[in-house]
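Asks: return a 3D structure for these sequence lines:
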Amino acid sequence: MSDVSTSEFSNQVRANQDRLSASLQRGYDYIICGAGSAGSVVAARLAANTDAKILVLEAGGTDDLEITNDPNRWPMTLGSELDWGFTAEANPRLNNRAIGYSMGKALGGGSTINVSTWSRGHRADWDFYAAETGDAAWNYESVLGLYRDRVESWTGASDVRYRGTNGTVHVQPSSAPHAFAAAFLQGAQSIGIERFPNPNGLMMESDGGSSIIDETVRNSRRQSIFRSYLYPLLDRNNVTVLTGAVVNRVLFTNQRASGIEFSYGGKDITVRADREIVLSLGAIHTPKLLMQSGIGDERELDQHRIPVIQSLPGVGRNLHDHVSFGVLYEKTELSPFAGSRSETVAFWKSAKNLDSPDFYTYASQHPFITPENAASMDVPAACWSLVVGMRPKSRGSIRLTGPSATDPLKIDAGYLADPDDLDKLVSGIQVAQQLGRSDALKPFTRRQVAPISQSTDALETYLRNGLGTFWHQCGTAKMGRDTMSVVDGNLKVHGIEGLRVADASVMPRVTTGNTMAPCVIIGEQAARFMMKQ
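Replies: Numbers count the residues shown, from 1 in each chain. As a prediction, this is how the structure comes out:
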């Protein structure tokens, strides 16, 4: 699309959406709550049927800003108006630190403020989802077909078994990687982490591996999921997207979700849903809305005098994400790379009997260290870091503090609740240190800066003072068939008609690597299930 036609289309979209939002209908066929990485997919796939009327409610604002269009500026979005800015409760196992829990608040959700890394999830993750739900639609081969034939527009080396070129999302290898990237991969090989052509495909069927990353960046510009899927349809008359629209509660007729109450333009508005409602608000706000609407643990709902529509004790439980920490090295005169995004990744298992890698690491040109750890160390400004993520056993929860949409949440991230996690994290530091001191990376490294002491006690203290999040929150409305499941294999809320969940909250466990690509699959699956009705 030329600059002129891009500008013309933008003007058409603006005029059309202004007109549609100024004349809201009393009812729509589908209401999608949230325009993030899954919600944008659901809305776009449903909108392909021009006879269907779709309303999309997004609490955040525009995504069309230089701070979001330039993927290297993603750290600047944290703590900004583009971030919900959640904070987890102070954790005694983290020396009473309260972890910041950022989440995207704009069209595109996390895909608008994240690092743009495309990581599909491991074979074992998808097969686990299929086993939990009893639905083969979630198994690896089925999901691989979606990635290859429907989702990806891959621009790297041809690979017909794993990569598709006619999909919706532009995916490419990191372009023109720095010499540091080659050294990183050589160093990973030297400690037994096999190198692969890319981090998806065969690598996500293996015990681990290292590679140049895949990313959703084109010509150095972010390609968010909203821009890839939904934005190209916004000149149509059958899809209305409201920004600054905060959903207050789902409305029910008997056990059927029949409408939404939301705040918009200073007013509370009620809109009817004639077919279905989809909650795509993310792993924090989706369980909150469910509970505010009367779906959740009866005891908690009673405590806040919320009438119970459906008793589901799993709502808001099973909260987890990849925990993170940094291993720091002082730079030499050879700067590792430019920008704020890693060009490489390495995955490995902490134990051979695991079904998939539970650790990964990216490289950062900045010192990735908490103030608590930095206070006891000499940290030079010129540092690079191995930023390590781990899938934990520990689980936390989301709980209400009151019945209304304006009442804050109580977020217990649950870090280190399972004692096995601390032992595994110590082993993760040791693997990262082997990589950092490999011969291949010596030209970029003067010395290891942190952690300093290698005693087990010192490393545990470093982790308690330094553990953070990779912002991959998930699991709080998990799919499955047990008593703590919230949705079934078709993403329908148990015991409720006309209501589905499509976001990371449905993941029974966090996928291997970043969660944007799996959320796209969740959106694709939700739309497929709905269109089969």
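
Asks: could I get stretch 487-500 in CSV with only the CA atoms?
Replies: The C-alpha atoms that make up stretch 487-500 are tabulated as CSV, following Å, rounded to 0.1, in the frame of the first residue of the first chain:
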residue,chain,number,x,y,z
VAL,A,487,-14.0,-23.1,30.0
ASP,A,488,-14.3,-26.3,28.0
GLY,A,489,-12.3,-27.2,24.9
ASN,A,490,-14.5,-24.9,22.7
LEU,A,491,-13.7,-22.1,25.1
LYS,A,492,-17.3,-21.9,26.4
VAL,A,493,-17.7,-21.0,30.0
HIS,A,494,-18.9,-24.0,31.9
GLY,A,495,-22.7,-23.9,32.6
ILE,A,496,-23.3,-20.7,30.6
GLU,A,497,-24.6,-20.3,27.1
GLY,A,498,-23.4,-17.6,24.7
LEU,A,499,-20.2,-16.8,26.6
ARG,A,500,-16.6,-17.7,25.7
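
Asks: what's in contact with it?
Replies: 133-135, 137-138, 250, 252, 255-258, 273, 275-279, 290, 295, 309-310, 312, 477-481, 485-486, 501-502, 506, 522, 525-526, 529-530 (Cβ atoms under 8 Å, 6 or more residues apart in numbering). Every C-beta, even on glycine, is put in place using the N, C-alpha and C of the backbone.

Asks: one more pass at 6 Å, please.
Replies: 133, 135, 255-257, 276-278, 310, 479, 501-502, 506, 526, 529 (Cβ atoms under 6 Å, 6 or more residues apart in numbering).

Asks: could I get the full set of strands for the stretch 151-300 of the chain?
Replies: Assigned strands in the stretch 151-300 of the chain, in chain order: 152-154, 169-173, 209-212, 214-215, 217-218, 221-222, 239-243, 246-253, 256-264, 267-279, 295-296 (criterion: DSSP state E, counting those that start in this stretch).

Asks: which element, helix or strand, includes residue 427?
Replies: Following DSSP states H and E, one finds residue 427 within helix 420-436.

Asks: next secondary structure element downstream of that helix?
Replies: strand 445-450.

Asks: about what we covered before: just say which of the strands of the stretch 151-300 of the chain is most tucked in.
Replies: strand 295-296 (a mean of 28; mean count of other Cβ atoms under 10 Å).

Asks: now do that strand: distance to the chain's middle.
Replies: Put simply, strand 295-296 sits 23 Å off its chain's centre (Cα atoms, centre = their mean, to the nearest Å).

Asks: same check, this time on stretch 271-279
Replies: 24 Å.

Asks: the helix holding residue 427: how far from the chain's middle?
Replies: With Cα atoms, centre = their mean as the basis, helix 420-436 stands 24 Å off its chain's centre.

Asks: now that helix: buried residues?
Replies: Going by neighbour count (16 or more other Cβ atoms under 10 Å), the buried part of helix 420-436 is 421-422, 424-426, 428-429, 431-433, 435-436.

Asks: stretch 485-504 now?
Replies: Quick answer for stretch 485-504 (16+ other Cβ under 10 Å): 485-494, 496, 498-504.

Asks: of these, which belong to helices?
Replies: Among the buried residues of stretch 485-504, DSSP state H puts none in helices.

Asks: and those, which of them are in strands?
Replies: 499-501 (DSSP state E).

Asks: what about residue 155, how many residues nearby?
Replies: Residue 155: 14 surrounding residues under other Cβ atoms under 10 Å.

Asks: now it. Its backbone dihedrals?
Replies: phi -110, psi 0 (degrees, to the nearest 10).

Asks: list the residues that contact it.
Replies: Contacts of residue 155 (Cβ under 6 Å, 6+ apart): residue 172.

Asks: backbone torsions only: list them for residue 384.
Replies: According to degrees, to the nearest 10, residue 384 has phi -120, psi 160.

Asks: residue 404 now?
Replies: Per degrees, to the nearest 10, the backbone of residue 404 is at phi -100, psi 160.

Asks: can you check residue 360 too?
Replies: phi -150, psi 160.

Asks: and what of residue 100?
Replies: According to degrees, to the nearest 10, residue 100 has phi -70, psi 140.

Asks: find the residue closest to it in space, skipping its chain neighbours.
Replies: Closest residue in space to residue 100, ignoring its immediate chain neighbours: residue 87 at 5.7 Å, by Cβ to Cβ, 6 or more residues apart in numbering.

Asks: how many residues are close by that neighbour?
Replies: Residue 87, neighbours per other Cβ under 10 Å, totals 14.

Asks: quick check, it in contact with residue 98.
Replies: Yes: between residue 87 and residue 98 a contact is recorded at 5.2 Å, counting by Cβ atoms under 6 Å.

Asks: any buried residues in stretch 140-151, and which?
Replies: 140, 143-144, 146-148, 150-151.

Asks: from the residues you listed, which is closest to residue 301?
Replies: When the buried residues of stretch 140-151 are ranked by distance to residue 301 (Cβ to Cβ), residue 143 comes first, at 34.5 Å.

Asks: A strand includes the closest one, no?
Replies: No: membership of residue 143 in a strand is not supported by DSSP: H, G, I helix; E, B strand; the rest coil, which gives helix.

Asks: so who does the nearest residue to it once chain neighbours are set aside touch?
Replies: Leaving aside its sequence neighbours, residue 143 sits nearest to residue 126 (Cβ to Cβ, 6+ apart; 4.7 Å). By Cβ under 6 Å, 6+ apart, the contact set of residue 126 is 139-140, 143.

Asks: so where's the stretch 101-250 of the chain shaky on pLDDT?
Replies: Across the stretch 101-250 of the chain, nothing is flagged by pLDDT under 70.

Asks: do a quick rundown of the helices in it.
Replies: 110-113, 123-133, 140-146, 179-190, 225 (DSSP state H, counting those that start in this stretch).

Asks: contacts for the third one, please.
Replies: With Cβ under 6 Å, 6+ apart as the test, helix 140-146 has contacts from 123, 126-127, 521, 524.

Asks: likewise the shortest one?
Replies: Applying Cβ under 6 Å, 6+ apart, the external contacts of helix 225 come out as 37, 40, 108, 111.

Asks: so how far is residue 496 from the last one?
Replies: Spelled out, it's residue 111. 28 Å (Cβ to Cβ, to the nearest Å).
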